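A.B. asks: Pasted the sequence and its predicted model underneath.
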Amino acid sequence: MTDQIGPEELTGEEEILVCTCMQSRHWPYCDASHHTLGGGKEPVVVSLDKNKTYKICKCFKTKNRPFCDDSHIK
């Protein structure tokens, strides 16, 4: 059986805003929820090489946020 909470592949981006407050509805991406829900931590800007493909974690289990480390398999 395959896990339904696998990573998202991301290519062509130079940077992303990563949520640190855990209030985003689009985790791991910041959607500015921390501004509307009474404060919270600011997002982290992560620089990427737009020529590479990255696996972005969607399951909250990675120890290398925002990148997938295949923790969802274990």
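C.D. replies: Yep, it's here.
A.B. asks: show me what contacts the residue lying closest to Pro28 once chain neighbours are set aside?
C.D. replies: Nearest residue to Pro28, sequence neighbours excluded (CB to CB, 6 or more residues apart in numbering): Pro66, at 4.0 Å. C-betas here are computed from N, CA, C, even on glycine. Taking CB atoms under 8 Å, 6 or more residues apart in numbering, we find Pro66 in contact with Ile16, Val18, Pro28, Val46, Ile56, Cys57.
A.B. asks: Now do the same for Val45: helix, strand or coil?
C.D. replies: Counting by DSSP: H, G, I helix; E, B strand; the rest coil, the backbone at Val45 sits in strand.
A.B. asks: So it sits against Glu15, correct?
C.D. replies: Yes: if you go by CB atoms under 8 Å, Val45 and Glu15 touch, sitting 5.6 Å apart.
A.B. asks: Tell me the one among the contacts of Pro66 nearest to Leu10.
C.D. replies: Ile56 (5.1 Å; CB to CB).
A.B. asks: ok, that closest one to Cys68 distance?
C.D. replies: Distance from Ile56 to Cys68, counting by CB to CB, to the nearest Å: 6 Å.
A.B. asks: and what of Gly6?
C.D. replies: Taken as CB to CB, the span from Gly6 to Cys68 is 8 Å.
A.B. asks: again, but for Val45
C.D. replies: 19 Å.
A.B. asks: Any idea how far apart the tips of stretch 24-35 sit?
C.D. replies: 10 Å (CA to CA, to the nearest Å).
A.B. asks: wait, I meant stretch 65-74
C.D. replies: Span of stretch 65-74 from end to end, CA to CA: 17 Å.
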